[in-house]
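# Next comes the sequence, and after it the predicted model I'd like to discuss.
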Amino acid sequence: MRISFAAALRRRTVATAIAATLLSAGASAVVAENLAPSSQPAMPAPAAVPAPQTADATGKPLSTEARIVIVEWKIKKGHEQEFLDYWATKSTIPDRTGLIAEFMSSEESREQFPWINWAAAESGDFTTFYNIGIWRKADDFMGQIGKYIDNKRPPMAFEADHRHRVFLAPVKWRIGMASLPGKDAEGVK
């Protein structure tokens, strides 16, 4: 399945577009080593989470081991700095061994970049932030972050709503001049 940034915009899929942008623009040289499927067996997933399917019926890998997690945060107006301080100082990752990169992001100005046509959630009551994390593999994310996620937990005081999350498994990628994998995935032009 080929996912383009433009197609993602048409589908209004925040996670897909951000992931496609990060993968095509390049985030870290370390990603190059982690996008190629590994010949080593994956660590077993935690007991509460079923192991993801990693190969088709012929044994061919379905994707890389790398994973991208995107979290949409809706922060009450006037509480943005409180949230950013929380994220920067309290919502930390003790062991960054499997973390390739993480970006807390906000949308650019549509006045400055009039070509933006994203149908983002907009409200006078909240500001939307997107946290994009690129991990070496699913188990790294689960061991550091995923095991603590509880969708039933109420929003924090600075949140206007529950967080929305998506966990992405790259299936194709293309390489620019920035440091990422050394070549395009098979079949990508």
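Thanks, I have the structure now.

# Assign residue 105 to helix, strand or coil.
Here residue 105 is recorded as strand under DSSP: H, G, I helix; E, B strand; the rest coil.

# End to end on stretch 136-150, go ahead and measure it.
23 Å (CA to CA, to the nearest Å).

# Pull out the buried residues from it.
Residues 136, 137, 138, 139, 140, 141, 142, 143, 144, 145, 146 are the ones in stretch 136-150 that count as buried (16 or more other CB atoms under 10 Å). All C-beta atoms are positioned from the backbone trio N, CA, C, and that covers glycine.

# now those residues in TSV, with distance to residue 163?
Output for the buried residues of stretch 136-150, formatted as TSV (distance: CB to CB, whole Å):
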residue	distance to residue 163
136	23
137	22
138	19
139	22
140	20
141	15
142	17
143	20
144	17
145	12
146	13
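
# ok, so of the residues you listed, who is nearest residue 75?
Closest approach between the buried residues of stretch 136-150 and residue 75, by CB to CB: residue 145, at 19.0 Å.

# Pretty sure the closest one sits against residue 71.
No: with the criterion set as CB atoms under 8 Å, residue 145 and residue 71 do not qualify as a contacting pair; they are 9.5 Å apart.

# what is in contact with these two at once?
Common contacts of residue 145 and residue 71, defined by CB atoms under 8 Å, 6 or more residues apart in numbering, comprise residue 133.

# Point out where this protein drops to low pLDDT.
1-64, 120-121, 175-176, 178-189 (pLDDT under 70).

# For it, just list every one of the strands.
For the chain, applying DSSP state E gives strands covering 67-76, 99-106, 126-135, 164-168.

# Deepest in the core, which of the ones you listed is it.
Counting by mean count of other CB atoms under 10 Å, strand 67-76 has the highest mean neighbour count of these, with a mean of 22.
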